[in-house]
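Trainee: Predicted structure and sequence below. I'll ask about it afterward.
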Amino acid sequence: MLQEHFLTPAQIVAELDKYIIGQHEAKRHVAIALRNRWRRLHAPADMQAEIVPNNILMIGATGVGKTEIARRLAHLADAPFVKVEASKFTEVGYVGRDVESMVRDLVEQSVSRVRQRRQEAVRAQAAQAVEEVILDALIPPVARPAAKGSARAVPGFGTAPTDDELLADPRADDADLNERTRARFREKIRNGELDDRRIEIQIAQSGPSVGIMGAPGMDEAALSGLQDMLGNMMPKKSRKRKVTVAEARKLLLDEEAAKLIDMDEVKEEAVRQAENAGIIFIDEIDKVATSGGGKSGGPDVSRQGVQRDLLPIVEGSAVSTKYGIVNTDHILFIAAGAFHVSKPSDLIPELQGRFPIRVELQSLTKDDFFRILKDPKNALTKQYEALLKAEDVVLTFDDAALERLAEIAFEVNAEVENIGARRLHTVMSRLLNDLLFDVPDKIGPNAHIQITAALVEERLAGMVKNRDLSQYIL
């Protein structure tokens, strides 16, 4: 996986180009923002705390790539990332999610990432522990009795004696036989000879969550921490399961790996990563903008409240989480909105100032649609090809067919409602649904399906002629 400090701004844009067509200005801004995070961590120590991220506001119609840019950026940065919708938040005191929950979600995601990586690092050691658990279930160990009188040597049988050799040696006691038998079965486990053998193992079972009512004024983080503390005080439960050796290996691996890592270190590192590398993507920011400059009442009052609650989080504040205090000073915030009804200037001035970088994403052209269908690594055409490959059916698209698909998607967007690249899902589904239904009953394995411009015209001509396309709108 690519690491943030290995990528220059030009390299970041090149990576984004593999998945996102166009929107070069937006890519340049997020690439600079991402590289600046590495630059801050390598700046003089006395300046690191002073350098704050330039938060970004992306403006553009739905389906032009706002969310995809943020998601791919987090993947390139290899950083904790959460996506939230501003419309889901309510002002403090109202029923709903408070804005601080986005920071708590970011820390949870960071803890999960760090824990997973720590477990991967000790997976080989955990695999050995799992092997011993499985071996104990197959051949329980026998305690060697205390030596009495003169000691006698027991001849060695090598690493894997045969069963007959074990039983034929008159000088071997029960402990010797057990030890040699375990050595033999250990080899069988490693070679996969016993994968189908059923054994009984103990599986850790998480008990029911502790439900408590918090005191008046207790925030969500304190309540969550109290629940965790009480949950840790409850006795750990386990249950027996009869599974195959192969299944036991999978079930026990994560459990044994978790025993080998220090969760206190995991939490400390996770908080540090969230504070210094975390990215929070706030979608639908336009939904909390107030109409008419915020002078009206009704729902605008609550929207203004959400904006005011966002201010300290975006500017930099300390948020209480169950993993400790998290400072948001250096978390990168990327907000996005279509702003069809409202305008960025309808946000309260203080919040506008927290997003100094504004990028307007362009609407997609017919050429953009063609390139979206053909170039990205995750293009829709490649996804459908992969789906049918699972049925041993080869699906290919002519360039002329892709051009016609792009033209139809563009025309439908212009005639009905512009939903950007999401329109391609509608068009491709209408084109291929009958074929997907016929495979494999009517179209069997080793078939080759060629999508031509004529086939596109035949199946989708009515879609363009019919102006009432509400049934196709996603």
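Mentor: Here it is on my side, so go on. Quantities reported herein were computed from a predicted structural model and do not represent experimental measurements.

Trainee: pLDDT below threshold where in the stretch 251-400 of the chain?
Mentor: Applying pLDDT under 70 to the stretch 251-400 of the chain flags the ranges 291-301.

Trainee: Do you have the strands of it handy? List them.
Mentor: 279-283, 318-321, 324-327, 332-337, 357-360, 394-397 (DSSP state E, counting those that start in this stretch).

Trainee: Go through those and pick out the most buried.
Mentor: strand 332-337 (a mean of 26; mean count of other C-beta atoms under 10 Å). Using the backbone N, CA and C atoms, a C-beta is placed for each residue, glycine as well.

Trainee: want to throw the strands of the stretch 251-400 of the chain into CSV with distance to V245?
Mentor: Putting the strands of the stretch 251-400 of the chain into CSV (distance: least, C-beta to C-beta, whole Å) gives the following:
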stretch, distance to V245
strand 279-283, 42
strand 318-321, 41
strand 324-327, 41
strand 332-337, 47
strand 357-360, 55
strand 394-397, 39
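
Trainee: Can you say which of these is nearest to F437?
Mentor: strand 394-397 (14.2 Å; C-beta to C-beta).

Trainee: quick one: L460 and T426 touch, right?
Mentor: No. Using C-beta atoms under 8 Å, L460 is not in contact with T426, being 10.2 Å away.

Trainee: Surely I443 is in a strand?
Mentor: No. According to DSSP: H, G, I helix; E, B strand; the rest coil, I443 belongs to no strand; its state is coil.

Trainee: Just the pLDDT for it.
Mentor: For I443, the model assigns a pLDDT of 93.

Trainee: What is the burial count for it?
Mentor: 16 (other C-beta atoms under 10 Å).

Trainee: which residues touch it?
Mentor: For I443, the contacting residues are V393, L435, I449, by C-beta atoms under 8 Å, 6 or more residues apart in numbering.

Trainee: So S238 lies in a strand, does it not?
Mentor: Yes. S238 forms part of a strand when assessed by three-state DSSP.

Trainee: where's it relative to E108, distance?
Mentor: 25 Å (C-beta to C-beta, to the nearest Å).

Trainee: Neighbour count: these two, which is higher?
Mentor: E108 (18 against 12).

Trainee: between whatever helix or strand that one lives in and strand 332-337, how many degrees?
Mentor: In this structure, E108 sits in helix 101-121 according to DSSP states H and E. Put simply, helix 101-121 runs at 120 degrees to strand 332-337, going by axes from the mean of the first three to the mean of the last three C-alpha atoms, to 10 degrees.

Trainee: Determine the set of other helices and strands touching helix 101-121.
Mentor: strand 81-85, helix 220-233, helix 245-259, helix 263-277, strand 279-283, strand 318-321, strand 324-327 (3 or more C-beta pairs under 8 Å, 6 or more residues apart in numbering; DSSP states H and E).

Trainee: can I get the ones you listed in JSON lines with distance to D174?
Mentor: Formatted as JSON lines, those follow (distance: least, C-beta to C-beta, whole Å):
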{"stretch": "strand 81-85", "distance to D174": "57"}
{"stretch": "helix 220-233", "distance to D174": "41"}
{"stretch": "helix 245-259", "distance to D174": "24"}
{"stretch": "helix 263-277", "distance to D174": "41"}
{"stretch": "strand 279-283", "distance to D174": "61"}
{"stretch": "strand 318-321", "distance to D174": "55"}
{"stretch": "strand 324-327", "distance to D174": "53"}
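
Trainee: and of those, who's closest to V306?
Mentor: Comparing those by C-beta to C-beta, strand 279-283 comes nearest, at 10.5 Å.

Trainee: could you say what helices and strands that closest one packs with?
Mentor: Contacts defined by 3+ C-beta pairs under 8 Å, 6+ apart place strand 279-283 against helix 66-77, strand 81-85, helix 101-121, strand 332-337.

Trainee: Spatially nearest residue to A421, not counting backbone neighbours?
Mentor: G63 (4.8 Å; C-beta to C-beta, 6 or more residues apart in numbering).

Trainee: swap in N54?
Mentor: That would be I357: by C-beta to C-beta, 6+ apart, it lies 5.0 Å from N54.

Trainee: about what we covered before: for the helix holding E108, which positions count as buried?
Mentor: Within helix 101-121, the residues scored as buried using 16 or more other C-beta atoms under 10 Å are 101-111, 113-115, 118-119.

Trainee: and of the residues you listed, the nearest to P344?
Mentor: Out of the buried residues of helix 101-121, the member with the shortest distance to P344 (by C-beta to C-beta) is M102, at 20.3 Å.

Trainee: re earlier: out of the helices and strands packed on helix 101-121, deepest packed?
Mentor: Of those, strand 279-283 is the most buried (mean count of other C-beta under 10 Å), at a mean of 24.

Trainee: Give me the angle between that strand and helix 101-121.
Mentor: Using the same axes, to 10 degrees: strand 279-283 against helix 101-121 is 140 degrees.

Trainee: Just the residues contacting strand 279-283, thanks.
Mentor: With C-beta under 8 Å, 6+ apart, strand 279-283 has contacts from 66-67, 70-71, 73-74, 77, 79-86, 102-103, 106, 310, 331-337.
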